[in-house]
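Colleague: sharing a model prediction with you, sequence too.
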Amino acid sequence: MNIPKLPLGDWIETLEDWLTGNFEPLFDFIRAVIGTMVDAIETVLLSVPAIVLIILFSILAYWIGKWRIALFAFIGLMLIDNLGLWEPSMQSLSLVLTASILSVVAGVPIGIMCARSNSVQNIFTPVLDFMQTMPAFVYLLPAVSFFSLGVVPGVIASIIFAIPPTIRLTNLGIRQVPSDLVEAADAFGSTPMQKLVKLQLPLALPTIMAGINQTIMLSLSMVVISSMIGAQGVGALVYRAVTQAKTGIGFEAGIAIVIMAILLDRLTQSAFKKK
Amino acid sequence: MSIIEVRQLTKIFGQEPNRAEQLLREGWSKEKIYKETKLTVGVNKANFSIQQGEIFVIMGLSGSGKSTLVRLLNRLIEPSSGQVLFNGKDIVQMSPNELRQLRRKNIGMVFQKFALFPHRTVLGNVEYGLEVQDIDKKNRQELAQNALKLVGLEGWESSRPDQLSGGMQQRVGLARGLANDPDILLMDEAFSALDPLIRKDMQQELLLLQARMKKTIVFITHDLDEALRIGDRIALMKDGSIVQIGTPEEILIQPADKYVERFVEDVDLSKVLTAAHVMLQPETITPERGPRVALQLMRDNGVSSLYVTDKEKKLLGVVTADDAPWLLDKTKLSKKSCKSMSRG
């Protein structure tokens, strides 16, 4: 028996066209919001001289972490500046921060909803699996057709790739609150909201924070891929170096990403531990 | 006056509980129903009433449904059928909001494993029931302080629960249950996790508190000794059903069936083994208790006399092992004469 090939690809393209045609105002709005956010963060980061920001970062690192993190922050950021990568690094950082903030803002409430209802969880689990395993290049294309080239589709793609840990670990953290404590909160007449705010979120906080840490790391890992659709930053330098086979420039830009990754990781981790 | 009245209260765990209720009506056993339908009978048509100001003990082995039963009283577990009347109002029919108000104001609870909130201080834990009522901070802290004073934990307000010993943690649990001044306190195996000596102290303190505050207490336990010591009345549970309700004395004199009889005997035997390390402590008994209880306590503790005290621990007198059997004979005699009279 000969079963004809399902025209799955055609359907998806039809859907893409339909969405582009009918939801343009919505996409324009999202594009404006995200674009403004990235620009605002970038403007702030680049408005002060690099050395001032480096010292501020180091003080921040000392305040929430240990002196060793502060020392690493100072030396690492000085190196980035010395290599002439300060501006592209701050551009990438703006992209990462925007994607992370939006992921947390959307991810924590979704995680809470998943924790409250098994059916919501059952709907989201395969969606999250899909988001994490579908190769990022594949959803770059519709992102570009919805939001055109630039940093915005990069942020969107980063969110799709980076939001799952926040959702999953918020869900897990709340579900792991011991049931006898939840029962006690019920027995004293808590509303669902009181239970969430006074018991579940505080106890789930370390787990949620681990999820947010993962989200930040994953969105940082997206900077190179985002540069393929026109996002500026160190990612773009890496991409160019690769296409032009320039090992030296590639490594310099790569090291800048590594320094930012280690800094963001240590800073978020020690900030959460402190709480 | 009864503050709680329970009528035909039933809880079946699992899908489609109606099927099991039908089978129960046909007289199937809990075990057989589980084998046939995979439904678990938690509580089977419980009927009892709890009087204002009494300590009502629900006793049974693990799996007998006692913890389920106590959770049906404040609907932490939804009943499958039946009624729970609190001052005449059916708790089972209450809206979520009415139920919350009831839990906030009328029914407090103390848990077996304390269930203290680890991220809050001792004071923060005791405050919790007041905080959810949006009582302002100053008032609720004052009320929480009073509750802590009541259980003898002044000065520990800012400690974390995990810094306290088990006995102290359960005092915090008790204070939390008492802080909003409920009419009824549900205590689910509240002292079972404590070691024997501390458990005994807590039992005595509970009696003292109850004498002072006149709370109605529903106390769940699997320990006959504990039930005898603190219960005004005891309900014995087996396989989800209440097999006997009565004063401690009634349960010892007239076990309703073989099960209760064995329960009573078993506990005797096992208690002998631990008598050695409680022998040094003088044992007390309240004057309302009958001779059977007195004898039981003497046997349990390996002593031949008991101090008789009121609930405030004021010494009233002494009862010895020689007095009690004499009284016992008398009660038996009068019982016999009652029987013969009724036959005649």
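Modeller: The structure has been received and is ready for your questions.
Colleague: next SSE downstream of the helix or strand encompassing residue A:51?
Modeller: Element membership of residue A:51 [criterion: DSSP states H and E] is helix A:50-64. Proceeding N to C from helix A:50-64, the next assigned helix or strand is helix A:67-82, under DSSP H and E.
Colleague: touching chain B at all, the helix or strand following that following helix?
Modeller: Next in sequence after helix A:67-82, counting helices and strands by DSSP H and E, comes helix A:86-116. No - using Cβ under 8 Å from any Cβ of the partner chain as the criterion, no contacts between helix A:86-116 and chain B are found, and the smallest distance is 15.1 Å. Yep, even glycine has a C-beta here, placed from its N, CA and C like the rest.
Colleague: what's around the nearest residue to residue A:136 once chain neighbours are set aside, how many residues?
Modeller: The spatially closest residue to residue A:136, leaving aside those adjacent along the chain, is residue A:225, at 5.2 Å (Cβ to Cβ, 6 or more residues apart in numbering or on different chains). Counted with other Cβ atoms under 10 Å in any protein chain shown, the neighbours of residue A:225 add up to 19.
Colleague: mean confidence for the helix holding residue A:51?
Modeller: The predicted model gives helix A:50-64 an average pLDDT of 88.
Colleague: elements contacting it?
Modeller: Under the contact criterion of 3 or more Cβ pairs under 8 Å, 6 or more residues apart in numbering or on different chains; DSSP states H and E, helix A:50-64 touches helix A:67-82, helix A:247-274.
Colleague: and it, which residues are buried?
Modeller: A:50, A:53-54, A:57-58, A:61-62, A:64 (16 or more other Cβ atoms under 10 Å in any protein chain shown).
Colleague: gap between it and the chain center?
Modeller: Helix A:50-64 has its C-alpha centroid displaced from the chain centroid by 22 Å (Cα atoms, centre = their mean, to the nearest Å).
Colleague: same check, this time on stretch B:194-208
Modeller: Taking Cα atoms, centre = their mean, the mean C-alpha location of stretch B:194-208 is offset from the chain mean by 13 Å.
Colleague: now that stretch: buried residues?
Modeller: Applying a neighbour-count criterion of 16+ other Cβ under 10 Å, one finds B:194, B:198-200, B:202-207 buried in stretch B:194-208.
Colleague: now swap in stretch B:154-163 and tell me
Modeller: Within stretch B:154-163, the residues that qualify as buried by neighbour count (16+ other Cβ under 10 Å) are B:156-157, B:160-161.
Colleague: any idea how far residue A:212 is from the residue of chain A found nearest chain B?
Modeller: Taking Cβ to the nearest Cβ, chain B has its nearest neighbour within chain A at residue A:189, 3.5 Å off. The span separating residue A:189 from residue A:212 equals 32 Å under the rule Cβ to Cβ, to the nearest Å.
Colleague: could you find the closest non-adjacent residue to residue B:8?
Modeller: In space, residue B:8 is closest to residue B:82, 4.3 Å off (Cβ to Cβ, 6+ apart).
Colleague: what do you get for residue A:192?
Modeller: Ranked by Cβ to Cβ, 6+ apart and with sequence neighbours excluded, the top spatial neighbour of residue A:192 is residue A:116, at 7.8 Å.
Colleague: how deep is that neighbour tucked in, by neighbour count?
Modeller: Applying the criterion other Cβ under 10 Å, we find 15 residues in the vicinity of residue A:116.
Colleague: next one: residue B:190
Modeller: The burial count assigned to residue B:190 is 27, neighbours taken as other Cβ under 10 Å.
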